[in-house]
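Trainee: Give me the fold of what follows.
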Amino acid sequence: MDWIASLFTDRSEIHGDRVFGDDPAIACIMARFHGEEVLVIGNQKGRTTKEKIQRNFGMPNPEGYRKSLRVMKVAEKFGRPIFTFIDLAGANAGLGAEERGQAEAIARNLREMSRLRVPTIATITGEGGSGGALAIAVADRVLILENAAYSVISPEACASIRWRDASKRALAAAALRTTAEDVFGLGCVDAIVPEPEGGAHAQPEQAVALLDQALQTHLHTLRQHSVDALIAERRKKFRTMAQFFTA
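Mentor: Below you'll find the predicted structure:
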């Protein structure tokens, strides 16, 4: 929310998925970006213990993904660009979330975001974990901050599965190639946004300025393409991602 509050003005949050309830782990906000009406979606982890529990440590439930999709459809109807901000370890894998259709909610978002007829930009500001992150990251441009990470699974979970030992998380992290440079080289993101010396948290105003410039540049570029061209390129990017061949 710090990023959103610094980058966008005239913010008005929308609540509820109109199916089950509202998910505090995901915020959907209509706002203005340099005077242009846009939609902003971001997950929230919370700071205090009380906030973290309320927001489920930033791990969305299916209601969060259904809420975000509902609001994205509204933005599409009115031709508003969509910005998403991601900092989550993964979607909630609890029994209640599974009973309410977590997998279906994520899958539906993946499909519908690939079809959105407005420019979309996703930014990974901290960690982007698994399908929980991807469910709001199927975008025309996927940006990642210099010190952020993007991965199919957390290093701890990977180590537990691969070696039955979570303490081997460093070995798993190296194998997963989660750093900004790694995922950029793999084609999983489109650009790396530089951070000030010491990290974004050390000089937040400068970090916001750097991200603001990147968002403006990419939005301007996307505006040069037709809607059909955007959708075609978006689908091509994600369909060709992670392909490999052996002799």
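Trainee: Give the burial count for residue 223, as a bare number.
Mentor: A count of nearby residues for residue 223, using other CB atoms under 10 Å, gives 11. No exception for glycine: its C-beta is placed from N, CA and C like everyone else's.
Trainee: Hmm, it is touching residue 140, no?
Mentor: No. Assessed by CB atoms under 8 Å, residue 223 is found out of contact with residue 140, at 10.6 Å.
Trainee: what residues are shared contacts of these two?
Mentor: Contact with both residue 223 and residue 140 is made by residues residue 119, according to CB atoms under 8 Å, 6 or more residues apart in numbering.
Trainee: The top strand by length along the chain pairs with which strands, parallel or anti?
Mentor: For the chain, the strand with the greatest residue count under DSSP state E is strand 120-129. Partner strands for strand 120-129, per DSSP bridges, with pairing direction: strand 82-88 (parallel), strand 141-145 (parallel), strand 149-151 (parallel).
Trainee: I'd say residue 109 and residue 67 touch.
Mentor: No. Counting by CB under 8 Å, residue 67 is not a contact partner of residue 109; they are 10.6 Å apart.
Trainee: that older thread, among the strands paired with strand 120-129, which comes closest to residue 6?
Mentor: Minimum separation from residue 6 across the strands paired with strand 120-129 (CB to CB) falls at strand 82-88, 11.2 Å.
Trainee: next SSE after that closest one?
Mentor: Next helix or strand after strand 82-88 toward the C-terminus (DSSP states H and E): helix 95-99.
Trainee: buried stuff in that following helix?
Mentor: residue 97 (16 or more other CB atoms under 10 Å).
Trainee: Contacts for that helix, please.
Mentor: Under the contact criterion CB under 8 Å, 6+ apart, helix 95-99 has outside partners 61, 62, 91.
Trainee: ok, now with 6 Å
Mentor: Helix 95-99 is contacted by residues 61, 62 when judged by CB atoms under 6 Å, 6 or more residues apart in numbering.
Trainee: before we move on, what about stretch 114-125?
Mentor: Applying CB under 6 Å, 6+ apart, the contact partners of stretch 114-125 are 76, 81-87, 137-145, 148, 150, 218, 222, 227, 235.
Trainee: who's more crowded, residue 109 and residue 67?
Mentor: In this view residue 109 and residue 67 are compared by other CB under 10 Å, and residue 67 has more residues nearby, 27 against 23.
Trainee: So the more buried one versus residue 130, what's the distance?
Mentor: From residue 67 across to residue 130, the span is 19 Å (CB to CB, to the nearest Å).
Trainee: weakest of the strands paired with strand 120-129 in terms of mean pLDDT?
Mentor: Among these, strand 149-151 carries the lowest mean pLDDT, at a mean of 90.
Trainee: pLDDT of the helix or strand following that strand, averaged?
Mentor: The first helix or strand that comes after strand 149-151 along the chain, using DSSP H and E, is helix 155-162. Taken as a whole, helix 155-162 has an average pLDDT of 87.
Trainee: I would like the residues contacting the next helix or strand after helix 155-162, please.
Mentor: Remark: after helix 155-162, the chain's next helix or strand is helix 169-176, criterion DSSP H and E. With CB under 6 Å, 6+ apart as the test, helix 169-176 has contacts from 151, 155, 156, 158, 159.
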